[in-house]
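Novice: this one's structure only:
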């Protein structure tokens, strides 16, 4: 329907000399009022509101209004007629409004505003109307038209808002706080940070306050102080979107269908995309067009016509072409929009991490179907009493893919509904297996540490973090309903600044925006000692990683026997797993066995797999490869590779809490090397210092540091007592003998 939720607003601003009085360093009432008006207009612009605004100034040097005649309604100017808000109006408010020398009757201003609304509302384009009056009540008032004003406001159904000082007779603290002389945080001018100027009311202000209080009481109007209004207007509103219901039948089986209407309850808000526009001449805009073309990778860069393009799907090393007809036929054949019940489940079976999607739907009963509303109410209450949910299959339209989700009961005092949240399919879930943090006694927290963390959580509780008017903490902080997105707010603020000041640099981020996602100041101050206690009890030390030497390939080791720094490998995880994103690496598939070509890489890839714990099997395979490399080594050609495998096995065993398996293997390896006349490899082990894993490296073993040290020293002493073995002939000696 045309004119739906469209409001006509008349802003009446007092610009008389009394509105421009304040000591140096303080914001005047006029400056504070201009800040509020600018924020109101900015919010209308960014919300793309269809509301229209008329601006009336009173107290001006001249008179320019449609009712002025024979000295009536003097010093009142209709500055802007009723029209949608635009940048010109905002610039006028910020830059062109100046204080006036005269004083005008506030009741006369209301008469002109009502006459303007009466003429505007006759067109039938508006559903509501409003008068916003900015004054410090310092001007003259007359009551001869008071009944006419009150009757006109009631007949038009107009809302009246007064923004100015307190209307109470006494100048108490509340009156001072609500006064228009006070400057709150401003986002539209340089008045931010100006201290409020509190002064005693004049007799004229007291009389004007009584008169305005009588009018507001009669018509049900509202009064606000500038300090109340500025924080509420310090953020930009998003564009209002009229909710269109998604009408569908909730199908339970083949016979039962309940008509429901779905409304978007939660959806991620995004900013508008940037547009490229070329401006030529006055008022002429041209949108540039992007023309894309594809060319062959040859010397001539031959262009490929659009009709010769074909999409393809890579399957292994081959590319399978897919035509448009194939794409249509291979898609899921959806029967159309549907909301079908698949079954019921308990609420606790729906894991929180399985909540998916970027929106939440609220399903309510169709207002045109009374019987369907009764059936839906019975279903909602049954779900609530049994703590159950409905698992449903949902498709928005025939072109949409089916989704899996659940409906949970939502009961309020005024309505009942079902909340729809999307659930994942098997392909959407990522499986991870993490080692226990408390498996080792070394990592278990003490009672003092647990108590310190409990105290920190209790003192950082946001549910009662904001003080109310009585100084008691009863309000929750960071509620989603009142917490703005700082990115969107900062963008809107910068855009408005650039529109009004094309040549000035962008302003710094506002304090109100920077504090959106900060804990309340009082809460942050109170929790400091508890945070310090946690810091003292949980000592953190910087651990320096030792440089790892990774063995080269099998063929490179066969050419050289020198131990040098290994080539660095790109690491994508903390576990040191090197990732290969080449086509060859992708075609290789998942590693399931420790091979002989790259045993270190294979071992690390297997133990880094998160779906299940494969360390025991990988460790056994790594031990077999070490034995095989030493056994098959021609002289010492494979010793470097085997030693590197042994180092990596030791390191990972210590880090993952599996030291006993390595220690058992190393003891057995020592005996086998002595028996198989492979003492040269053992000498390399001793030289590299690869010994048993001690309790200092892992709490899962009872081997002490002294025992680990003696393990290598005992072998050295034993070898000194034995006669030196006969030197092994290397490959070069054998070749010389053959010649």
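Specialist: Great, that's in hand. What you see is a predicted model; the values in this text were computed from it and never measured.

Novice: just for the chain, where's the confidence low?
Specialist: Scanning the chain for pLDDT under 70 picks out 1-4, 169-199, 238-241, 276-283, 439-440, 469, 546-590, 610-613, 677, 714-739.

Novice: spatially central, which residue of it would that be?
Specialist: Centroid check for the chain by Cα atoms, centre = their mean gives residue 485 as the closest residue, at 8.2 Å.

Novice: quick check: closest non-adjacent residue to that residue.
Specialist: residue 269 (6.6 Å; Cβ to Cβ, 6 or more residues apart in numbering). In this view, the C-beta of every residue, glycine as well, is placed from N, C-alpha and C.

Novice: what do you get for residue 215?
Specialist: Closest to residue 215 by Cβ to Cβ, 6+ apart is residue 150, at 6.2 Å.

Novice: looking at the chain, which strand is longest?
Specialist: Secondary structure of the chain per DSSP state E: the longest strand is strand 256-267.

Novice: any chance you could list what contacts that strand?
Specialist: 243, 245-252, 339, 358-369, 372, 375-376, 379, 418-420 (Cβ atoms under 8 Å, 6 or more residues apart in numbering).

Novice: now swap in stretch 298-307 and tell me
Specialist: Contacts for stretch 298-307 (Cβ under 8 Å, 6+ apart): 293, 294, 295, 296.

Novice: from these, which land in strands?
Specialist: Short answer: the contacts of stretch 298-307 in strands (DSSP E) are 294, 295.

Novice: give me the buried entries from the contacts of stretch 298-307.
Specialist: Among the contacts of stretch 298-307, none scores as buried (criterion: 16 or more other Cβ atoms under 10 Å).

Novice: that older thread, direction included, what does the longest strand of the chain pair up with?
Specialist: When pairing is defined by DSSP bridges, strand 256-267 lines up against strand 246-252 (antiparallel), strand 356-365 (antiparallel).

Novice: what segments of the stretch 551-700 of the chain are helices?
Specialist: Applying DSSP state H, counting those that start in this stretch to the stretch 551-700 of the chain gives helices spanning 554-559, 583-588, 599-607, 615-632, 639-655, 659-675, 679-688.

Novice: and those helices as a markdown table, adding mean neighbour count?
Specialist: What follows is these, written out as a markdown table (neighbours: other Cβ atoms under 10 Å):
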| stretch | mean neighbour count |
| --- | --- |
| helix 554-559 | 13 |
| helix 583-588 | 10 |
| helix 599-607 | 22 |
| helix 615-632 | 18 |
| helix 639-655 | 22 |
| helix 659-675 | 16 |
| helix 679-688 | 17 |
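
Novice: would you list those helices in CSV and tack on distance to residue 411?
Specialist: Shown next, in CSV, are the helices of the stretch 551-700 of the chain (distance: least, Cβ to Cβ, whole Å):
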stretch, distance to residue 411
helix 554-559, 69
helix 583-588, 52
helix 599-607, 50
helix 615-632, 50
helix 639-655, 51
helix 659-675, 57
helix 679-688, 70
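
Novice: which parts of the stretch 351-500 of the chain are helices?
Specialist: 370-386, 447-459, 486-500.

Novice: could you give the angle of the first one to strand 256-267?
Specialist: In this case it means helix 370-386. Interaxial angle of helix 370-386 relative to strand 256-267 (axes from the mean of the first three to the mean of the last three Cα atoms, to 10 degrees): 70 degrees.

Novice: may I see the buried residues of helix 370-386?
Specialist: Using 16+ other Cβ under 10 Å as the test for burial, helix 370-386 gives 372, 373, 375, 376, 379, 380, 383.

Novice: and residue 100, how far is that from residue 212?
Specialist: 20 Å (Cβ to Cβ, to the nearest Å).

Novice: swap that for residue 21, please
Specialist: Residue 21 is 20 Å from residue 212, where distance means Cβ to Cβ.

Novice: which one of the two has more residues nearby?
Specialist: residue 212 (23 against 17; other Cβ atoms under 10 Å).

Novice: surely that one is within a helix?
Specialist: Yes - per DSSP: H, G, I helix; E, B strand; the rest coil, residue 212 lies within a helix segment.

Novice: next one: it from residue 204, what distance?
Specialist: According to Cβ to Cβ, residue 212 stands 12 Å off from residue 204.

Novice: what's the overlap in contacts for the two?
Specialist: Shared contacts of residue 212 and residue 204, counting by Cβ under 8 Å, 6+ apart, come down to residue 137.

Novice: list the contacts for residue 705?
Specialist: 694, 695, 696.

Novice: quick revisit: go ahead and confirm the residue nearest to the centre of the chain touches residue 268.
Specialist: No - contact criterion Cβ atoms under 8 Å: residue 485 and residue 268 do not qualify, at 9.6 Å.

Novice: need the strands paired with strand 256-267 in a markdown table (columns: distance to residue 217).
Specialist: Listed next are these as a markdown table, based on distance: least, Cβ to Cβ, whole Å:
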| stretch | distance to residue 217 |
| --- | --- |
| strand 246-252 | 45 |
| strand 356-365 | 38 |
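
Novice: could I get these as a markdown table with distance to residue 142 and mean neighbour count?
Specialist: Conversion of the strands paired with strand 256-267 to a markdown table gives the following (distance: least, Cβ to Cβ, whole Å; neighbours: other Cβ atoms under 10 Å):
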| stretch | distance to residue 142 | mean neighbour count |
| --- | --- | --- |
| strand 246-252 | 56 | 17 |
| strand 356-365 | 52 | 18 |
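
Novice: quick one: closest of those strands to residue 514.
Specialist: strand 356-365 (26.8 Å; Cβ to Cβ).

Novice: before we move on, the earlier item: ok, so of the contacts of residue 705, who is nearest residue 66?
Specialist: Ranked by distance to residue 66 (Cβ to Cβ), the contacts of residue 705 are led by residue 696 at 92.6 Å.
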